[in-house]
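K.L.:
Need coordinates for the following:
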Amino acid sequence: MLRRLILLTALLALTTLPLLAEPADILITGGTVVTMAGPNIEHGSVAIRNGEIVAVGPSSDIDAKFEAKTVIRAGGMAVVPGFVNTHTHVPMTLFRGIADDRDLMDWLTNFIFPAEAKNVDRDFVKWGTRLAAAEMIRSGTTTFCDMYYYESDIARETKAAGLRGVLGETLIDFPAPDNKTWDAVIAYMRGFVRDWKGDRLITPAFAPHAPYTVSTEHLRQIRSLATELGAPILIHVSETKNELQQVAEKHNGMTPGAYLDSIGFLGDDVVAAHGVWLTPDEIKTFAAKKVGVAHCPESNMMLASGVAPVVDMIHAGVELGLGTDGPAGSNNNLDMVEEMASAARLQKVSRGDPKAISARELLRLATIGGATALGLAGKIGTLERGKRADVVVIDLQQAKTQPVYSVESAIVYAASGSSVVTTICDGKLLMRRGQVLTVDEKAAIAKAKEYRDKVLASLKK
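P.N.:
Numbering: from 1, shown residues only. From the prediction side, this is the model:
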């Protein structure tokens, strides 16, 4: 009898002991968690372990369950998925402001192409990517989609900075800074894909420049190789009226999207940048074939390219994300918060409808929308258990964001990239309390000033 009593007492004691807390690397607590997978969670928490989100929910439920090495107190702040920049050219930070206030063809042929021919090499790309990485980390971008040269070097810098990248080596029908012949760039691509495919952060991609700068034969070759190697394709499509004219003259009056479809180029592994002049039929085709589209409103405004039919694409089910484009005359910054606000206002004024698109929808395009367009929705874009831990904390306690009636409105219409205080990618802290941790920002800025002098001198020759 006594033995039973002792055993019962011991069992009761065990049931009243607190459960042991699970280990976590990072616990973000007390913020408004905008999961983009369901309703916002006021006073919510996100627990991260081994680069993965292991729990999301009310702080009252989550905090006692986890003992974290790093605790980030986010009271008065928004906790959102890391922003996804679906189109840019990051080394062009070193050409920032070189040729503003010009149309696209003048900008490209008379300034950018000559400047690239005289200046772009591995060191240029390395330092330009470092400068861009610091800028993106500061403004909450954790994933970006790039098109440029020496892309394997960009991949190394991206990984060193802790960012996630879908990185496309540019293929174009004239000698490029890194590969002077078509055969050379194809050989480069095979090595690039082989070296980086399967990497946790880097997705190697083919990036034919545009339908008017790459021949039909070469586009078909790229399509075949991309299928063979399992790599995505990035391409500019229907950005300007001039592009429409060039494609129509070469291809029996067809529009760029229809032409690409006619040669069997389109598919769910293609991301088309801009899409400003897509026709209703092309929009239907893009939606049916799950072609991702990168909408770059500030670039389209800066170059007076036109206004993309964003609302029509959304209604048709096109996989649409936001992009900044390159930071050299076609935008001049990599701030995705600013890009959301511009996208919203551009659609409202162009359609004459203040209800054309909402702050919540713009936040969707900058997160899970972009992730879907890039084929990464299974990994990133929302704050859910099992997703990779790409998380941004935005300070809404600033004068410019107070008072907060709607957290989405505060982020999209009142905040800016500088409102971001913490950036995490794949569970790694890239910025904490406004301090960039993975890039030597001062060195990158100093090098940018050196390159300015070098670029200016080269253009005078």
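
K.L.:
Residue ranges in this protein under the pLDDT threshold?
P.N.:
1-19 (pLDDT under 70).

K.L.:
give me that answer again for 90
P.N.:
Within the chain, the segments meeting pLDDT under 90 span 1-21, 98-115, 117, 328-330, 458-461.

K.L.:
Show me which helix runs longest in it.
P.N.:
Longest helix in the chain, counting residues (DSSP state H): helix 441-459.

K.L.:
residues making contact with that one?
P.N.:
The contact list for helix 441-459, computed with C-beta atoms under 8 Å, 6 or more residues apart in numbering, reads 93-95, 98, 111, 114-115, 118-119, 124, 127-128, 130-131, 134. Where C-beta positions appear, they are placed from N, C-alpha and C, glycine not excepted.

K.L.:
State the pair within those that is farthest apart.
P.N.:
Greatest spatial distance among the contacts of helix 441-459 (C-beta to C-beta): Pro114 and Ala134, at 27.3 Å.

K.L.:
The two - which one has more neighbours?
P.N.:
Ala134 (24 against 14; other C-beta atoms under 10 Å).

K.L.:
ok, the more buried one touching Gln435?
P.N.:
No. Using C-beta atoms under 8 Å, Ala134 makes no contact with Gln435, being 11.1 Å away.

K.L.:
Ramachandran angles for the closest residue to Thr382 other than its chain neighbours?
P.N.:
With sequence-adjacent residues excluded and distances taken as C-beta to C-beta, 6 or more residues apart in numbering, Thr382 is closest to Ala37, at 4.0 Å. Main-chain torsions, Ala37, degrees, to the nearest 10: phi -120, psi 0.

K.L.:
Tell me who's in contact with Gly165.
P.N.:
Shown in contact with Gly165 (C-beta under 8 Å, 6+ apart): 143-146, 154-155, 158, 201-203.

K.L.:
And the residue nearest the centre of this protein?
P.N.:
Most central in the chain under C-alpha atoms, centre = their mean is Asn85, positioned 2.1 Å from the mean C-alpha point.

K.L.:
which ones are touching it?
P.N.:
136, 141, 143-145, 322-324, 334, 336, 339, 370.

K.L.:
Show me where the stretch 151-300 of the chain has its helices.
P.N.:
Here the stretch 151-300 of the chain has its helices, by DSSP state H, counting those that start in this stretch, at 151-161, 182-196, 216-229, 241-250, 256-262, 280-288, 297-302.

K.L.:
Check which element follows the helix or strand encompassing Val54 along the chain.
P.N.:
Here Val54 sits within strand 52-58, counting by DSSP states H and E. With elements assigned by DSSP H and E, the helix or strand that comes after strand 52-58 is helix 59-62.

K.L.:
Report the buried residues of that following helix.
P.N.:
For helix 59-62, the neighbour count (16 or more other C-beta atoms under 10 Å) marks 59, 62 as buried.

K.L.:
Dump the C-alpha coordinates for it into CSV.
P.N.:
In CSV, the C-alpha atoms belonging to helix 59-62 read as follows (Å, rounded to 0.1, in the frame of the first residue of the first chain):
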residue,chain,number,x,y,z
SER,A,59,3.7,35.0,-28.1
SER,A,60,1.7,33.6,-25.2
ASP,A,61,1.8,30.2,-26.8
ILE,A,62,5.3,30.2,-28.5
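
K.L.:
about what we covered before: sec struct for the residue lying closest to the residue nearest to the centre of the chain once chain neighbours are set aside, please.
P.N.:
What sits nearest to Asn85 in space, not counting adjacent residues and going by C-beta to C-beta, 6+ apart, is Phe144, at 4.2 Å. Secondary structure, DSSP: H, G, I helix; E, B strand; the rest coil: Phe144 is strand.
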